[in-house]
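Student: task: produce atomic coordinates for the following.
(2 chains)
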Amino acid sequence: MDHDPEYEEKLKEFEARIARGEKIEPGDWMPEEYRRQLIRMISQHAHSEVVGMLPEGAWITRAPNLRRKLILIAKVQDEGGHGQYLYHAAETLGATREEMIEALLTGRAKYSNVFNYPTLTWADVGVIGWLVDGAAIKNQTMLARCSYGPYSRAMVRICAEESFHHKQGKEMVIQYALGTPKQKAMVQDAINRWWWPALMMFGPHDTDSPNTPVLVRWGIKTRTNDELRQEFVNEMVPELHAVGLSVPDPDLYYDETTGNWVHGEIDWDEFWRVIRGNGPCNKERLAARRKAHEDGLWVREALEAYARKRVAGVVS
Amino acid sequence: MSDTQWPRYEVFEQERPNRPFQNVGSVHAPDPELALLNARDVFVRRPDCAGLWVVPASAIFAKTAEELEADNTWKQTPVPADAPLETWLVFQKKTQRNVMTYVTHVGEVEARSPAEALAKALEAYATENVYVWWVVPERMITRSSPEDAGPWFTPARYKTYKLPTEYKTVTQIRQAKAQKRKSKQR
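Tutor: Numbering: from 1, shown residues only, chains lettered A, B, ... in the order given. Predicted structure coming up:
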């Protein structure tokens, strides 16, 4: 694109449109880098929704009562739908669904690290709702205002549905926190395991996030990783304390001057280890996605055969 | 790994009876009937749906305001000699706010080609601040039937556990805090 003689002029107009709060839509001019960054972000986001069905899906058959089972089924189903909204948004930029699925199944694509941790007890389902979905909503609320129309619309739709996910988890955690000693111990254990992976969901520190400046400049992100993470910690800590739960961070303290809860150092070695495929469940998650894809083959073939027969007038 | 290359269908949803259909996204399917079923599963997990349409993405002629300003050579596309006059539906995007729907159905034109349909739409439906135009041949639309509306769309209404308002977490936290204050005072 750099060879386009009008590139500078087009870029100026593009940035002016974003500054005016206009949405960029499919068909509009955009720099190649804007397209590339969006495809990267949206497809990773879509994969995260799809893989995100697995850790919680494992507990559907073991839900403690019918209400919790209905809630969990609906939540996992929503995540499948969210993946679909996002694949659609990425397709408007020229990525094909087949390429994206292929990248996920072959292990080339990234998805959120948090889904590479195991769900060991039922309390994990509640903690994922409150902490993990709570962290995701911070990011998603920001992206609902992003400059690319299809991504913004997918995020608005997702946020509307996601707040149910967050609240059902929060309700469950609070109930257990205020419940029997055994329930409280179970939910505290889950908090202890999910707290740090949830903080890592916001991504590397701003100083180690090379993509952030250009994403902010083009209105894709409007806030940085560290800003969102701090806001999340500030909201979570007082509420966890209010229900008698502790945060597994010995260095955590309240800074009177800034009004922030300052967390201890994140284990970035662990973060990079999990991203590079060596987390507790990376292989298991990919194997589950591949199996689902292969097991679904006969369904896709049957649907195609049916469609062919309809065209031929064999079935009506 | 084997996969399909099924065509993409754009999905339009009507929130309530007598409201215009709006584009909500797309699905892939081997035929329109299955596209409609996929659209129901993907886009109607919540209430507020009275009807669905699907249209093959390839049948839609779309232009953004920026494209219309930059280039009007599309207007010169000749109408094929044998092309029949047919009805095209006109859709527009008219807001830059953060919303979950894209273009909205605004009316119809009679035309013999995509270019002719858009040219007529621009004449008939031009208003201020139209950011995107779509024209869609009516014969390419597959619609959910009125008989389907009940079984397809009403169950979501009774699944109230999908609503965030079902969870009284604000009250829960407030009560926990009050309890804590009380025990401290003792």
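
Student: CA atoms for contacts and neighbours, from now on please.
Tutor: Will do.

Student: where does the chain dip in pLDDT?
Tutor: Let's take chain A. Along chain A, the parts satisfying pLDDT under 70 run over A:1-2, A:316.

Student: not quite, I wanted chain B
Tutor: In chain B, residues with pLDDT under 70: B:1-4.

Student: enumerate the residues of it near chain A.
Tutor: Proximity of chain B to chain A (Cα under 8 Å from any Cα of the partner chain) is limited to residues B:1, B:3-5, B:25-27, B:30-31, B:41-43, B:45, B:63-64, B:66-67, B:96, B:98-102, B:161-164, B:167-169, B:172-173, B:176-177, B:180.

Student: just the buried ones from these?
Tutor: By the neighbour-count criterion of 16 or more other Cα atoms under 10 Å in any protein chain shown, these include these buried positions: B:25-27, B:30-31, B:42-43, B:45, B:63-64, B:96, B:98-102, B:161-164, B:167, B:169, B:172-173, B:176-177.

Student: so of the residues you listed, which ones are in strands?
Tutor: B:25-27, B:63-64 (DSSP state E).

Student: quick one: which of those is nearest B:W74?
Tutor: Comparing those against B:W74 with Cα to Cα picks out B:K63 as the nearest, at 10.0 Å.

Student: contacts only, for B:K75.
Tutor: Contacts for B:K75 (Cα atoms under 8 Å, 6 or more residues apart in numbering or on different chains) come out as B:115-116, B:119.

Student: so which residues of the chain form helices?
Tutor: Unless you meant another one, I'm taking chain A. A:7-19, A:32-57, A:66-91, A:97-105, A:123-127, A:133-143, A:149-177, A:181-200, A:212-217, A:225-242, A:268-273, A:282-295, A:297-312 (DSSP state H).

Student: that answer is for a different chain, and I need it for chain B
Tutor: B:32-43, B:65-70, B:114-125, B:146-153, B:155-158, B:169-185.

Student: and those, which is most packed in?
Tutor: helix B:32-43 (a mean of 20; mean count of other Cα atoms under 10 Å in any protein chain shown).

Student: return the residues of the stretch 1-150 of chain A in contact with chain B.
Tutor: For the stretch 1-150 of chain A, the residues found near chain B under the criterion Cα under 8 Å from any Cα are A:21-23, A:25-28, A:71, A:74, A:78, A:81, A:84-85, A:88-89, A:98, A:102, A:144-145.

Student: B:E138 against B:W88, yeah?
Tutor: Yes. Taking contacts as Cα atoms under 8 Å, B:E138 lies within contact range of B:W88: 5.3 Å.

Student: neighbour count: the two, which is higher?
Tutor: Each of B:E138 and B:W88 has its neighbours counted (other Cα atoms under 10 Å in any protein chain shown); B:W88 has more, 27 against 14.

Student: quick one, what contacts the more buried one?
Tutor: B:108-111, B:117, B:135-138.

Student: what separates it from chain A, distance-wise?
Tutor: Remark: distance between B:W88 and chain A (Cα to the nearest Cα, to the nearest Å) = 21 Å.

Student: residues contacting the most centrally placed residue in chain B?
Tutor: For chain B, B:N23 is the residue whose C-alpha lies nearest the centre (Cα atoms, centre = their mean; 1.7 Å). By Cα under 8 Å, 6+ apart, B:N23 lies in contact with B:10-13, B:101-104.

Student: for A:Y7, which of the helices of chain B is the nearest?
Tutor: helix B:65-70 (14.3 Å).

Student: run through who's touching that closest one.
Tutor: Contacts for helix B:65-70 (Cα under 8 Å, 6+ apart): A:27-28, B:130-133.

Student: and for A:E49, the neighbour number?
Tutor: Neighbours of A:E49 (other Cα under 10 Å): 23.

Student: do A:V299 as well
Tutor: 11.

Student: ok, now which ones touch the closest residue to chain B within the stretch 1-150 of chain A?
Tutor: In the stretch 1-150 of chain A, the residue that lies nearest chain B is A:G81 (5.1 Å; Cα to the nearest Cα). Each residue near A:G81 by Cα under 8 Å, 6+ apart is listed here: B:41-43.

Student: now swap in A:Q140 and tell me
Tutor: A:155, A:158-159.

Student: could you do A:I275 as well?
Tutor: Here A:I275 is in contact with A:110, A:113 (criterion: Cα under 8 Å, 6+ apart).

Student: and the nearest residue to A:S209 once chain neighbours are set aside, backbone torsions?
Tutor: Leaving aside its sequence neighbours, A:S209 sits nearest to A:G203 (Cα to Cα, 6 or more residues apart in numbering or on different chains; 7.8 Å). Dihedral pair for A:G203: phi 90, psi -180, per degrees, to the nearest 10.

Student: is it correct that A:G203 is in contact with A:N225?
Tutor: Yes. Assessed by Cα under 8 Å, A:G203 is found in contact with A:N225 at 6.1 Å.

Student: circling back to that earlier point, please report which of the contacts of A:Q140 has the highest neighbour count.
Tutor: A:M155 (29 neighbours).

Student: and the closest residue to that one other than its chain neighbours, backbone torsions?
Tutor: Excluding the flanking residues, the one nearest A:M155 by Cα to Cα, 6+ apart is A:A144, at 4.7 Å. Dihedral pair for A:A144: phi -60, psi -20, per degrees, to the nearest 10.

Student: so what's A:A144 up against?
Tutor: A:A144 makes contact with A:151-156, A:159, B:98 under the criterion Cα under 8 Å, 6+ apart.

Student: as TSV, the residues you listed with distance to B:P56 would be great.
Tutor: Formatted as TSV, the contacts of A:A144 follow (distance: Cα to Cα, whole Å):
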residue	distance to B:P56
A:Y151	21
A:S152	23
A:R153	20
A:A154	20
A:M155	24
A:V156	24
A:C159	28
B:N98	26
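
Student: and of the contacts of A:Q140, the nearest to chain B?
Tutor: Nearest to chain B, judged by Cα to the nearest Cα, of the contacts of A:Q140 is A:M155 at 7.9 Å.

Student: contacts only, for A:G80.
Tutor: Applying Cα under 8 Å, 6+ apart, the residues contacting A:G80 are A:49-50, A:53.

Student: switch the cut-off to 6 Å
Tutor: For A:G80, the contact set (Cα atoms under 6 Å, 6 or more residues apart in numbering or on different chains) comprises A:V50.

Student: residues contacting A:I39?
Tutor: A:A90.

Student: A:T96 versus that one, what's the distance?
Tutor: 10 Å (Cα to Cα, to the nearest Å).

Student: same deal with B:P20?
Tutor: Distance, B:P20 to A:T96, using Cα to Cα: 30 Å.

Student: again, but for A:G80
Tutor: Counting by Cα to Cα, the gap from A:G80 to A:T96 is 18 Å.

Student: also A:G21?
Tutor: From A:G21 to A:T96 the distance is 28 Å (Cα to Cα).

Student: now swap in A:P5 and tell me
Tutor: Where A:T96 is concerned, A:P5 sits at a distance of 29 Å (Cα to Cα).

Student: which of those two has more residues huddled nearby?
Tutor: Taking neighbours as other Cα under 10 Å, A:P5 and A:T96 compare with A:T96 leading, 15 against 9.

Student: alright, I will stop here.
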